[in-house]
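> Sequence first, predicted coordinates after that:
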Amino acid sequence: MNLHTLLAQRAAGGRPVRVGLIGAGKFGSMILAQAQRIDGLHVVGIADLDVGRARASLARVGWPQERYSAASLGEAVKTGRTCVLDDAKALAACEEIECIIEATGHPIAGIRHGLAAIEAGKHVVMVNVEADVLCGPVLAERARRKGVVYSMAYGDQPAIICELVDWARACGFELTSAGKGMNFEPRYRYSTPDTVWGFFGWSEEEVAKGDFNPKMYNSFTDGTKAAIEMAAVANATGLDCPDDGLAFPPAGLHDLARVFRPVADGGRLPKSGLVDIAASQEPDGREVFNNIRYGVFVTFKATSDYTKACFHQYGLLTDPSGQYASMWRPFHMIGLETSISVLSAVLRNEPTGCSKEFRGDAVATAKRDLKPGEMLDGEGGYAVWANAIPATRSLALGGLPIGLAHQVKLKRAVARDQIVSFDDVELTGDLDVVALRKQMEETARSSPARTAA
């Protein structure tokens, strides 16, 4: 609770925390909106393949043009201004930069950027959950060996869930479940980029006026983003994904402790210690009362009758027995809060959530009957959605992670709702990342603790 004080001390000593940002899309723009107002935090460089878009993002969030006019990273360091460029590798090579924020959302690029930053001895804030769930435990271990921090991005839901999990365990409660709220109905599972806007209730005219990416929005709608995020939380906390994937039980705040407790005690969880989603819609489309669509939660169990009595005395929302209780945060502000991760890494040498083991996986699953020769089109596309399952089950099935399911050809038919395996596809590109993923899998197979090395 003293990050601002630590930063003020750095600023007073003329040693700003120097940062490089890769990706100036929505998340990156939100980071930049706040970074300009944090004394002692210097964004030295912003790398984006579309330099014009990056400059437009800076203008949109209120940066004066003079502030991002540095012609080189060296000039940026000397003047306190910011350099906008198209070379992410240059950020890793800049000696003065202490932390790299990877916010591209592209899993393959994210892994490569993370590796380059770690190799250069820089902390990494991995906004890119797609990259994290694909190879995060390996990246985290490499960072540990280099003496730098590999961290989830605070403000995004996985990091905030990890914070609540840590809170519950540090208080000595018996953790039962962790997850987030989300707008979801079973029919959304088969949404495509052509149908997604109907689920948002937007007209074609409204969509045409905005800068909306249909695949990105569809990845949230069909449950893929939820699977990616919950698998990442499992890898960071030691919780498990349900054997058959996320169940998305509808639940409002008043029912979290009732729903997210084991079936044996009247809840919806097959067992204690699972991640899942509190749907904000009933299966028939009715909105759940008092839902937490934008929030995160944990449920936990009293360890004694005395603790149970305290739950009641202090007004916690509990199940009917009073034994299970819930704690939540109603909102998350994604990039507006990510400076917390940067400052925690640089000033405290601590991550705000970090993959520790290969425990959960987000595997590609057919949206329809797929034929040999068809091309998979990855997250938010027409062919597959991601299912969050235990890593042990993914390894047994040879499951294809959603991060490797883009622009790959099927060798054999896959039925609707069947998990796609490595054996079902031809992998001819991005072999460096494929090899890193295979290394993680082999380490998990050989380690009882399922940790990655």
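Great, that's in hand.

> Provide a list of residue ranges in the stretch 201-350 of the chain with pLDDT below threshold.
209-211 (pLDDT under 70).

> let's go with 90 and repeat that
Filtered on pLDDT under 90, the stretch 201-350 of the chain yields the residue ranges 201-214, 216-217.

> What of the stretch 1-150 of the chain?
1.

> So which residues of it form strands?
For the stretch 1-150 of the chain, the strands defined by DSSP state E, counting those that start in this stretch occupy 17-22, 41-47, 83-85, 99-102, 123-126, 150-152.

> Export the ones you listed as CSV, with columns for distance to residue 225 and mean neighbour count.
C-beta coordinates here come from the backbone N, C-alpha and C atoms, glycine included. Formatted as CSV, the strands of the stretch 1-150 of the chain follow (distance: least, C-beta to C-beta, whole Å; neighbours: other C-beta atoms under 10 Å):
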stretch, distance to residue 225, mean neighbour count
strand 17-22, 20, 27
strand 41-47, 24, 25
strand 83-85, 28, 22
strand 99-102, 17, 29
strand 123-126, 15, 30
strand 150-152, 15, 29
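
> could I get those as JSON lines with distance to residue 287?
Listed next are the strands of the stretch 1-150 of the chain as JSON lines, based on distance: least, C-beta to C-beta, whole Å:
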{"stretch": "strand 17-22", "distance to residue 287": "37"}
{"stretch": "strand 41-47", "distance to residue 287": "39"}
{"stretch": "strand 83-85", "distance to residue 287": "42"}
{"stretch": "strand 99-102", "distance to residue 287": "35"}
{"stretch": "strand 123-126", "distance to residue 287": "33"}
{"stretch": "strand 150-152", "distance to residue 287": "30"}
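
> gap between the closest residue to residue 276 other than its chain neighbours and residue 361?
Leaving aside its sequence neighbours, residue 276 sits nearest to residue 179 (C-beta to C-beta, 6 or more residues apart in numbering; 4.8 Å). Using C-beta to C-beta, to the nearest Å, we find residue 179 at a distance of 17 Å from residue 361.

> Report the spatially closest residue to residue 31, excluding sequence-adjacent ones.
Excluding the flanking residues, the one nearest residue 31 by C-beta to C-beta, 6+ apart is residue 335, at 4.2 Å.

> which parts of stretch 392-409 are buried?
Of all the residues in stretch 392-409, those buried under the rule 16 or more other C-beta atoms under 10 Å are 392-395, 397, 399-406, 408.

> In helices, which of those appear?
Counting by DSSP state H, those place 392-395, 397 in helices.

> Can you verify my assumption that residue 38 contacts residue 7?
Yes: using C-beta atoms under 8 Å, residue 38 makes contact with residue 7 at a distance of 7.4 Å.

> Pull stretch 53-63 out as CSV, backbone CA atoms only.
Only the C-alpha atoms of stretch 53-63 are listed here, as CSV (Å, rounded to 0.1, in the frame of the first residue of the first chain):
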residue,chain,number,x,y,z
ARG,A,53,-2.5,4.3,-35.1
ALA,A,54,-0.3,4.7,-32.1
ARG,A,55,0.0,8.5,-32.6
ALA,A,56,-3.8,8.7,-33.0
SER,A,57,-4.2,6.8,-29.8
LEU,A,58,-2.0,9.2,-27.9
ALA,A,59,-3.9,12.2,-29.4
ARG,A,60,-7.2,10.6,-28.5
VAL,A,61,-6.3,10.1,-24.8
GLY,A,62,-5.0,13.7,-24.5
TRP,A,63,-1.3,13.6,-24.9
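
> Quick check: buried residues in that stretch?
Using 16+ other C-beta under 10 Å as the test for burial, stretch 53-63 gives 53-55, 57-58, 61, 63.

> how near is residue 195 to residue 217?
Using C-beta to C-beta, residue 195 is found at 11 Å from residue 217.

> Who has more neighbours out of these two?
Taking neighbours as other C-beta atoms under 10 Å, residue 195 and residue 217 compare with residue 217 leading, 20 against 16.

> How much space separates the more buried one from residue 99?
Distance, residue 217 to residue 99, using C-beta to C-beta: 30 Å.

> what residue is smack in the middle of the chain?
Computing the C-alpha centroid of the chain and ranking residues by C-alpha atoms, centre = their mean puts residue 129 first, at 3.5 Å.

> Can you say which helix or strand has the residue nearest to residue 276 in it?
strand 174-182 (DSSP states H and E).

> tell me what that strand is packed against?
Contacts defined by 3 or more C-beta pairs under 8 Å, 6 or more residues apart in numbering; DSSP states H and E place strand 174-182 against helix 157-170, helix 224-237, strand 274-279, strand 296-301.

> give the contact list for residue 46.
Going by C-beta atoms under 8 Å, 6 or more residues apart in numbering, residue 46 touches 20-22, 24, 28, 32, 54, 58, 68, 82-85.

> can we see that at 6 Å?
Neighbour list for residue 46: 21, 24, 54, 84 [criterion: C-beta atoms under 6 Å, 6 or more residues apart in numbering].

> distance of the third one from residue 166?
Right, residue 54. Residue 54 is 34 Å from residue 166, by C-beta to C-beta.

> can you check the last one too?
Going from residue 84 to residue 166 by C-beta to C-beta gives 36 Å.

> and what of the first one?
In this structure, residue 21 and residue 166 are separated by 26 Å, where distance is defined by C-beta to C-beta.

> Surely the residue nearest to residue 276 and residue 269 touch.
No: using C-beta atoms under 6 Å, residue 179 makes no contact with residue 269, being 10.4 Å away.

> Mind checking which of the two has more residues around it?
In this view residue 179 and residue 269 are compared by other C-beta under 10 Å, and residue 179 has more residues nearby, 31 against 21.

> quick one: the helices in the stretch 1-150 of the chain?
Assigned helices in the stretch 1-150 of the chain, in chain order: 3-12, 26-35, 51-60, 73-79, 88-93, 107-119, 129-146 (criterion: DSSP state H, counting those that start in this stretch).

> The last one vs helix 107-119, what angle?
Just to be clear, that refers to helix 129-146. With axes from the mean of the first three to the mean of the last three C-alpha atoms, to 10 degrees defining the directions, helix 129-146 sits at 20 degrees from helix 107-119.

> Run through who's touching helix 129-146.
By C-beta under 6 Å, 6+ apart, helix 129-146 touches 107, 110-111, 114, 118, 121, 126, 150, 228-229, 231-232, 235, 354-355, 357-358, 362, 401, 403, 436-437, 440, 452-453.

> same deal with the first one?
Residues from elsewhere that reach helix 3-12, judged by C-beta under 6 Å, 6+ apart: 39-40, 343, 347.

> Could you identify which of the residues you listed has the most neighbours?
residue 343 leads these on contacts (other C-beta under 10 Å) with 24 neighbours.

> That one sits in which helix or strand?
helix 339-343.
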